[in-house]
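Peer 1: quick check, what structure comes out for this input:
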Amino acid sequence: MDTQALTVFNSIFSSGSAFVYRCANDENFTMEFMAGQVEKLCGCAKSDILGNAKVSYVGLTHKDDIDRVFADVDAAIEAKENWDVAYRLSRPDGTEAWVRERGNAVYDDSGEMVYLEGLVVDASAEVTLRKELQTTLNRTEEANAEIIDLAENILRSVQKLSILAINAGIEAARAGKAGLGFAYLAREIKALADENNQWASRITDTMAERKRDEAREAAESRRAG
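Peer 2: Residues are numbered from 1 along each chain as shown. Here you go, the predicted model:
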């Protein structure tokens, strides 16, 4: 990938917790290109990962998640679809980072696969929100305010992803031919935002339904009394 494309990619992801990659479809997912917040998420320099110089990307993937990641990627390749998988990265310092990856296989004109490429984003907030939401949903009436707060947090995440998608589209237009692949990334980022938005909407709808049920039960109780 040329210098102009690398500059544009780094510009897009300079302020977020995400990176793009291009890798071989081998047992190590050998990285050929990475741009963005690689060190922030992986805990080591990009140069350590490229070409498996010091560590492979699979080597950074949590051992309990590796089989599932390979299974999801292989299934998507077989179906000629994109994959969407969440997993943990085990950093060299012993800490873990939840990430979410969306990617696809790229083929040449003869139909032969040439590499895999995709987007990896920080999923720690998403995982935390889901755990907190599940805990909150298991509580009783006092959970209402907390559920609303969680939904608002999700919506803020959606807004950030949407802005990232817009920036990707703008930078793609500026980059000309060097940015031809950015349209896919912009769509994937927007898809993540849309998915979280749908999730937040479901929370809101559930809250509204719960309030209606509570009001109806209260009214019936008053009539019965």
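
Peer 1: what's in contact with stretch 19-33?
Peer 2: Surrounding stretch 19-33, the residues in contact under the criterion Cβ atoms under 8 Å, 6 or more residues apart in numbering are 1, 6, 9, 13, 34-38, 41, 49-52, 56-59, 77, 103, 105, 113, 115-120, 185. (Glycine included, C-beta is placed from N, CA and C.)

Peer 1: tell me which residues in it are buried?
Peer 2: Neighbour counts over stretch 19-33 (16 or more other Cβ atoms under 10 Å) mark 19-24, 29-31, 33 as buried.

Peer 1: how about the helices in this protein?
Peer 2: For the chain, the helices defined by DSSP state H occupy 3-12, 38-42, 46-49, 57-60, 66-79, 124-137, 143-175, 182-224.

Peer 1: can you pull the domain assignment for the chain?
Peer 2: Using automatic domain parsing, the domain parsing of the chain gives 1-122, 124-225.

Peer 1: between those, which gets the lowest average pLDDT?
Peer 2: Confidence, taken as mean pLDDT, is least for domain 124-225 of those (a mean of 67).

Peer 1: any idea how far A79 is from V106?
Peer 2: 15 Å (Cβ to Cβ, to the nearest Å).

Peer 1: ok, the two, which is more surrounded?
Peer 2: Comparing A79 with V106 by neighbour count (other Cβ atoms under 10 Å), the higher total belongs to V106, at 14 against 9.

Peer 1: so that one sits right up against E112, yeah?
Peer 2: No: between V106 and E112 no contact is recorded; they are 10.2 Å apart, counting by Cβ atoms under 8 Å.

Peer 1: ok, E101 - contacts?
Peer 2: Counting by Cβ under 8 Å, 6+ apart, the residues that E101 touches are 69, 83-87, 118-121.

Peer 1: most residues in a single strand of this protein, which one?
Peer 2: Longest strand in the chain by number of residues, with DSSP state E as the criterion: strand 96-107.

Peer 1: what pairs with that strand, parallel or antiparallel?
Peer 2: Here strand 96-107 is paired, per DSSP bridges, with strand 83-90 (antiparallel), strand 113-122 (antiparallel).

Peer 1: mind checking which of these is nearest I203?
Peer 2: Proximity to I203, assessed across the strands paired with strand 96-107 by Cβ to Cβ, is greatest for strand 83-90 (19.1 Å).

Peer 1: contacts for the closest one, please.
Peer 2: The set of residues external to strand 83-90 that reach it, using Cβ under 8 Å, 6+ apart, is 41-43, 60-65, 68-69, 72-73, 75-77, 96-104, 118, 123, 126-127.

Peer 1: that strand versus helix 124-137: what angle between them?
Peer 2: Using axes from the mean of the first three to the mean of the last three Cα atoms, to 10 degrees, the direction of strand 83-90 lies 100 degrees away from that of helix 124-137.
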